[in-house]
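A.B. asks: 3D, please:
(one chain, ligands or ions: 1)
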Amino acid sequence: MSKVNQFGAFPSVRPRRLRQADWVRRLVRETTLGADDLIWAIVAHDGAQPRVPVQAMPGIERLNVEEAAKAAEEARALGIPLIALFPFIDGAKKDNQGSEATNPKGLVPACVRAMKAAAPEVGVMVDIALDPFTDHGHDGVLRGGAIVNDESVARLVDQALLLAQAGADVIAPSDMMDGRVGAIRMALEKAGKQDTLIMSYAAKYASCFYGPYREAIGSAKALTGDKKTYQMDFANTDEALKECALDVAEGADMLMVKPGLAYLDIVRRVKDAFSLPTFVFQVSGEYSMIKAAAAAGWLEEDRAIVETLTAFKRAGADGIITYFAPRAARLLAAA
Ligand code: PBG
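C.D. replies: Numbering: from 1, shown residues only. Presented below is the predicted three-dimensional model:
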């Protein structure tokens, strides 16, 4: 017998009894959201100014190293466990291989060190991909019009090692090259970095929702072509489970689905299939859609934030990477 029939019938059953007041709604609520569920996405830059606004993401600013360190202190004060760091690199430093990605004196290792010094209790997660550093805007090395897998993986391993050595707690490969999680995991083991966590962007789709991010990190003008030969086709779902299974076998501790709101079915399947810590990224386009609609007076921003973040948890996510994290943490503390 289906569950629905077991519930009986009107008027013995009146579902509205359970919705009549705030106290009972709180009492029967199935999904809760708190600061512990949030991973704060921030953008750092190597320019002189402390903060530079990102046009396509109202309210988001690129931070210099000192401001990034302050963000870590703010996360600690708000109870946000982890910050995800993304770099904006000066165009003059970009080349085909993304050489700047493995510069020990580069922006990202400097931010990691400053953030860990300022607030050691807050986790720092770094993106592993070459797109902020390449003159073509792709996540790997471009040869003869193609993103070459194995050569890219070698670069990503170097990038991951450098950042783990700088003190990054979580390595997050977002490049979607085949075999990169295993290669990074083995390199970390060899380097004595066996406790460095890997959160793999396991099911990452080729999506229009990354649009504003490309302005944020300065790869919008650079990007030639699209990322469809490495990021997943948004029409697929079985393929997400295959990507996750491979990454788990290769040594990923945590899985991520990206983007978020248009992929809640994938979040649910991944959580159900693996029962592992599963995360979802509310990406730049999702952020900017809410901001734009709120600015036009069409949506209430705070309610849209809490509703979308709760939806991710309801779908099975253990946590959400979001640019709204500090605002959400404040809203939830006040609620
Ligand atoms: C880089 C990367 C991207 C994002 C995170 N890491 C962009 C892309 O893959 O093109 C997107 C983040 C966002 O849109 O907020 N590989």
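A.B. asks: For the protein, list the residues in contact with the ligand, please.
C.D. replies: Asp127, Ala129, Asp131, Asp139, Ser174, Asp175, Tyr210, Tyr213, Lys227, Val283, Ser284 (CB under 6 Å from any ligand atom). To be clear about C-beta, it is placed using only N, CA and C from the backbone, and glycine gets the same treatment.
A.B. asks: Mind giving me the PyMOL command for buried ones among those residues?
C.D. replies: Of these, the buried ones go into a single PyMOL selection, burial set by 16 or more other CB atoms under 10 Å:
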select buried, resi 127+129+131+139+174+175+210+213+227+283+284
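A.B. asks: Please flag which of the residues of the chain next to the ligand sit within helices.
C.D. replies: Tyr213, Ser284 (DSSP state H).
A.B. asks: which of the residues of the chain next to the ligand lies closest to Leu38?
C.D. replies: Taking CB to CB as the measure, Leu38 lies nearest Val283 of those, at 14.9 Å.
A.B. asks: Could I get the phi/psi values of the residue of the stretch 51-200 of the chain found nearest the ligand?
C.D. replies: For the stretch 51-200 of the chain, the residue closest to the ligand is Ala129, as judged by CB to the nearest ligand atom, at 3.5 Å. For Ala129, the backbone dihedrals are phi -180, psi 160 (criterion: degrees, to the nearest 10).
A.B. asks: can you give me the helices for the stretch 201-335 of the chain?
C.D. replies: 211-216, 238-250, 264-274, 284-295, 301-314, 325-334 (DSSP state H, counting those that start in this stretch).
A.B. asks: so can I have JSON lines of those showing distance to Ala166 and mean pLDDT?
C.D. replies: As requested, the helices of the stretch 201-335 of the chain are exported to JSON lines (distance: least, CB to CB, whole Å; pLDDT from 0 to 100):
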{"stretch": "helix 211-216", "distance to Ala166": "22", "mean pLDDT": "93"}
{"stretch": "helix 238-250", "distance to Ala166": "23", "mean pLDDT": "98"}
{"stretch": "helix 264-274", "distance to Ala166": "30", "mean pLDDT": "98"}
{"stretch": "helix 284-295", "distance to Ala166": "25", "mean pLDDT": "98"}
{"stretch": "helix 301-314", "distance to Ala166": "30", "mean pLDDT": "98"}
{"stretch": "helix 325-334", "distance to Ala166": "22", "mean pLDDT": "97"}
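A.B. asks: Which of the ones you listed sits closest to Arg16?
C.D. replies: helix 301-314 (20.6 Å).
A.B. asks: Now do that closest one: distance to the chain's middle.
C.D. replies: Between the centre of helix 301-314 and the centre of its chain there are 16 Å (CA atoms, centre = their mean, to the nearest Å).
A.B. asks: By residue count, which helix of this protein is the longest?
C.D. replies: helix 149-166.
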